[in-house]
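S.K.: Here is my input, please return the structure:
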Amino acid sequence: MLRLRHNGNRRVGHKGVYARLRRAMGAGSPGSTSEIYRAPCPRGAEYAHGRPTVWARRCVVQLESACSWSAPLPTLQAAWVAFTLLLATAAFAQAPMPAAKTQLVPFGVTPFPYSGPVPDKGITFLDVVNGERRGHTSLRGGVYWEDVTYSDKRVLLSIPRGFDIRRPALIVVFFHGNLATLARDVRGRQQIPRQVEQSGLNAVLVAPQFAVDALDSSSGRFWEPGVFAKFLDEAAGKLTQMHGDERARAAFERAPVVIAGYSGGYNPAAYALAVGGANARVHGVMLFDGLFAEIDKFADWLAKRPPAFFFTTYGKAARVEHAELQRMLTDRGIGFATTLPAQLTPGSVTLLSVGDDIRHEYFMTRAWVADPLKAALTRIPDFARSGPRGDTSGTKNR
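M.R.: Okay, the predicted model is just below:
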């Protein structure tokens, strides 16, 4: 129960404060006013689902001697107006997000630029020099120049309508594939923010830019030990700024992480698990037609029996690699399912084939169902969002 403490240290709940103020101001007596400014306590400021909110439990408003019960009427009125405004602000700040927010935000810790070595290759990533320009030789795409392909430090952030910092929350980290940009493909063509919102999870989206519109799956700085954890730390601050309530920082800093990788996104996903330094926060991994190499890194991670789920779904493009993963898991004594489970629970391992008719380039919108990311996310228990689902009319893009 939210309480006011006056200078006599007696406490009174907000439902009785009007009567106390009326008596203190001499309401109804000769020569005094019987009118009191009665701004109501905003709904939701004190209680949620019949219980006191965290804010209400912690908040004790001190009415100092200047605002004692015997203070002049204008002083009491000013104190009461300030108090009700405080309640209103707190109620608004803790309410679920009234509209979705989706933004491209510059980060300091990002996959690129990167000038270090390529793991296990013994070569420098930027292996081509032409005057002042430096570039990287991709096996499938030829030479890509740093200033065009490996310099975008933006990250796509999205907080869905109805997201509530008072409820258990997830961070979905999405790693895009080849020939992609965040605006055109992740946000536009594949509709990843919409899929996260319509999943009904109390989850936010964080999607870094890798090689820009290139045939290259390089992870850049995510190859380096601990960088993925630093990236998540920065994401917590950026999400807090976008959310607008500093109290959201704690929720973002401790939120479990689901790593989702499409196509070439397998590479940063593998290195995030192998050297990223954030495995204690990983709640699950999802791969969408995205297992083309680094198979041993996923198998090694699963061999440690992490308290997280692993879900990979594939078509013709990644069929051979998934057969190899099945062999590795069998050799390590790791059980796995090949049909879609009702729930993706910690410890579950699922390898789902969708057949050879699903085209790789459309996999994030049409796989075994339309919107496969949304369909997979809905199977994660214990993180339901209390707010409305499916309405993206309030989304703000920038």
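S.K.: Against which helices or strands is whichever helix or strand A375 is part of packed?
M.R.: Using DSSP states H and E, A375 falls within helix 372-377. With contacts taken as 3 or more Cβ pairs under 8 Å, 6 or more residues apart in numbering; DSSP states H and E, helix 372-377 sits against helix 192-198, strand 257-262, strand 282-288, strand 309-314. The way it works is simple: take the backbone N, C-alpha and C, and place the C-beta from them, glycine included.
S.K.: Try it again at 6 Å.
M.R.: helix 192-198 (3 or more Cβ pairs under 6 Å, 6 or more residues apart in numbering; DSSP states H and E).
S.K.: Now the helix it packs on: average pLDDT?
M.R.: For helix 192-198, mean pLDDT rounds to 97.
S.K.: so how far is that helix off the chain centroid?
M.R.: With Cα atoms, centre = their mean, to the nearest Å as the basis, helix 192-198 stands 12 Å off its chain's centre.
S.K.: helix or strand right after it?
M.R.: strand 203-208.
S.K.: which residues are in contact with the next helix or strand after that next one?
M.R.: Next helix or strand after strand 203-208 toward the C-terminus (DSSP H and E): helix 227-243. If you take Cβ atoms under 6 Å, 6 or more residues apart in numbering as the criterion, helix 227-243 is touched by 101, 105, 107, 109, 157, 159, 204, 206, 221-222, 248-249, 252-253, 272, 276-278.
S.K.: Repeat the analysis, applying 7 Å as the threshold.
M.R.: Helix 227-243 has contacts (Cβ atoms under 7 Å, 6 or more residues apart in numbering) with 101, 103, 105, 107-109, 157, 159, 204, 206, 221-222, 246, 248-249, 252-253, 257, 272, 276-278.
S.K.: Please apply the same query to stretch 260-269.
M.R.: 111, 172-178, 210, 217-219, 222, 259, 285-292, 294, 360, 363-364, 373.
S.K.: so what's A337 up against?
M.R.: Neighbours of A337 in contact, by Cβ under 7 Å, 6+ apart: V349, T350.
S.K.: what sits against D371?
M.R.: By Cβ under 7 Å, 6+ apart, the residues touching D371 are Q195, T365.
S.K.: Number the residues from 33 up from this point.
M.R.: Will do, 33 is the new start, and the previous item becomes D403.
S.K.: what's it sitting at in phi/psi?
M.R.: Main-chain torsions, D403, degrees, to the nearest 10: phi 50, psi 60.
S.K.: do the same with P192
M.R.: Dihedral angles of P192 (phi, psi; degrees, to the nearest 10) stand at phi -80, psi 160.
S.K.: Excluding sequence neighbours, find me the nearest residue to it.
M.R.: E229 (3.6 Å; Cβ to Cβ, 6 or more residues apart in numbering).
S.K.: can I assume the one you found is in contact with A132?
M.R.: Yes. The pair E229 / A132 is scored as a contact, 5.9 Å apart, by Cβ atoms under 7 Å.
S.K.: Which one's more surrounded, these two?
M.R.: E229 (30 against 22; other Cβ atoms under 10 Å).
S.K.: OK, contacts around F207?
M.R.: G293, G297, P300, A301.
S.K.: From F242, how far off is it?
M.R.: Per Cβ to Cβ, to the nearest Å, F207 is found 7 Å from F242.
S.K.: P413 and Q375 touch, don't they?
M.R.: Yes. P413 is in contact with Q375 according to Cβ under 7 Å; the separation is 5.1 Å.
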